[in-house]
Each structure stands twice: as C-alpha cells, then as structure tokens.
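S.K.: Quick check, what structure comes out for this input:
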Amino acid sequence: MESTKRPDNHRRNRGWLHIANKIIKVINLTTNETICSRATKATSFIKRLKGLIGKKRLYPGEGLIIEPCTGIHTFFMRFTIDVVFYDKNGRVVAVHHNVKPWRITKIHTSAKGVLELPAESAKGIRVGDKLLIHKEATNVVE
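M.R.: Next up is the predicted model:
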C-alpha cells in the first residue's frame, strides 16, 4: 500500500505548493479542530482556473483555497477531493464529499470561496460551521 504521508524531503518548488506564496492553516472554530495545516491560496484567474489540475494527489493536511469561487469542476484531475464552500464571514454554506474527477459542483451563490481537501478530510465539517483561515508562514520557494 502506498504511503499518503508527504516525505520530509519533498521539494516545495517542484510540488503543488508553487501555486501560492503563503501557507495557511484552516480551523473549524465550531468544533475547534484543525481542518488543514498546509493550505495555499489561489486568487488570480489563472491559478483559480488551474486549481489542482496536474497534481498527483493532496496529502493529509494539505488543501487549496480558491477565492473568489462559487462552484468548481474537477476536469483533468487525477484524484477525488472533498470540497467546502464558505461565505464572506467564514460560515460553511455547503460541503461536497468525495467529488470524483470529471465532475462539476452546484453553484453556491452565497459562497465567497472554497477549500479543496483530500477525500475523506471534511467528514466532521457541517453547514453552518465557522472557519478561521489563518496565515501561518510566508516565503514558500517558487
């Protein structure tokens, strides 16, 4: 069985982290649980359009925040993800579990952004939960 833990010697400039320059931690304030400890943010048109396309996987603890965003597609992706839509106040407006490649989610007009996570990572997240998106570190090598 293949390990899902990212190796310590994983080169950030060759991996998925090159799409943004900040590492972000996402906490569910309702349950006081860390949802994601190593998220990056895609805010430009090109970075939002590309998203996770071309990536082989998301490791546990990794994620991608896309803002602004009201709906996503998984065209050309290689793996299943969990998707959490949130509004301008950080409230969860929708959760989609196990979204397979070549799918399109419903449009959520009240959403400000989306958090894409490895499959099975959003099990404890419910509509109405409050998220805190906290900048952890900067200067990721590009």
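S.K.: May I have the phi/psi pair for residue 91?
M.R.: phi -80, psi 130 (degrees, to the nearest 10).
S.K.: Chain neighbours aside, what residue packs nearest to it?
M.R.: Nearest non-adjacent residue to residue 91, counting by CB to CB, 6 or more residues apart in numbering: residue 130, 5.8 Å away. Every C-beta, even on glycine, is put in place using the N, C-alpha and C of the backbone.
S.K.: What are the contacting residues of the strand ranked longest in the chain?
M.R.: For the chain, the longest strand by residue count, based on DSSP state E, is strand 33-42. Contacting residues not belonging to strand 33-42 are listed as 16-17, 19-20, 22-28, 48, 50-51, 61-67, 84, 115, 117, 121-122, 124-125, 131, 133, 136, 140 [CB atoms under 8 Å, 6 or more residues apart in numbering].
S.K.: partners of that strand in the sheet?
M.R.: Counting by DSSP bridges, the strands paired with strand 33-42 are strand 22-28 (antiparallel), strand 62-66 (parallel).
S.K.: average pLDDT for the shortest one?
M.R.: Spelled out, that is strand 62-66. For strand 62-66, mean pLDDT is 95.
S.K.: likewise stretch 101-114?
M.R.: pLDDT averaged over stretch 101-114 gives 97.
S.K.: quick one: least confident helix or strand in the protein?
M.R.: Every helix and strand of the chain was ranked by mean pLDDT, DSSP states H and E. The lowest is strand 131-138, at a mean of 75.
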